[in-house]
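Peer 1: Would you be able to build a 3D model of this:
(one chain, ligands or ions: 1)
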Amino acid sequence: MNEADDSYEEFFEKVIHAYHIPEKLEAMKGKWPSKLSTRGLNWLAKAFLKHHKIKEQDIFERYNLDKQEICTGVFCPNSKCASRMPMIRKNGSWFCKACLCQAKNAHFAALKDYALLFGPKITNSEAQRFLHLDSCNTAYKLLQGLSLSTKGKTKF
Ligand SMILES: [Zn+2]
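Peer 2: Numbering: from 1, shown residues only. Coordinates of the predicted model:
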């Protein structure tokens, strides 16, 4: 085994994927049983949860994408519908011109996509543009219906 292999193994002794933490803890428990009591494990679990941070990454930079390339709009939730056209807002619901289905909360999935792509904050005008709404007032009402935390003085 050469020096590179040693450092590689050493690296994986110190850095592991979160998925492997339980098995790593179990292995450590057998190695040092007196150091990992139930109380100690509970403390460790709380420490992991307290210090856990979601890795923030700019997905556009990582995949060399332009934000203008993202297909916006609310898409049909009907799995049998092959429509690539965004749904339209009509009479308080979302309507698919292709399969004629209606879905009251189809914007939930679109807003989840928005959060994954652009982050957890959205303004009324950004929601209006992303969901292809005619009015900022509708965007405001849809966002209010989600019971999200709000910030800022401008309503529309
Ligand atoms: Zn459809």
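Peer 1: For the longest helix along the chain, name the packing helices and strands.
Peer 2: Using DSSP state H, we find that the single longest helix of the chain is helix 38-51. In terms of contacts (3 or more CB pairs under 8 Å, 6 or more residues apart in numbering; DSSP states H and E), helix 38-51 is packed against helix 21-31. (Each C-beta comes from the backbone N, C-alpha and C, glycine too.)
Peer 1: name the helices or strands packed onto the helix it packs on?
Peer 2: Looks like helix 21-31 contacts helix 38-51 (3+ CB pairs under 8 Å, 6+ apart).
Peer 1: Report the central residue of this protein.
Peer 2: For the chain, the residue nearest the mean C-alpha position is L116 (4.2 Å; CA atoms, centre = their mean).
Peer 1: residue contacts, that residue?
Peer 2: Residues in contact with L116, defined by CB atoms under 8 Å, 6 or more residues apart in numbering, are I59.
Peer 1: And it, how far from F60?
Peer 2: Using CB to CB, to the nearest Å, one gets 12 Å for the distance from L116 to F60.
Peer 1: Now do the shared contacts for these two.
Peer 2: Here L116 and F60 share no contacting residue, scored by CB under 8 Å, 6+ apart.
Peer 1: burial of F11, as a residue count?
Peer 2: 10 (other CB atoms under 10 Å).
Peer 1: meant to ask about I122, not that
Peer 2: Here the number of neighbours of I122 (other CB under 10 Å) works out to 20.
Peer 1: List the residues that contact the residue lying closest to it once chain neighbours are set aside.
Peer 2: In this structure, I122 finds its nearest non-sequential neighbour in Y114, 6.1 Å apart by CB to CB, 6 or more residues apart in numbering. Each residue near Y114 by CB under 8 Å, 6+ apart is listed here: 122, 126-127, 130.
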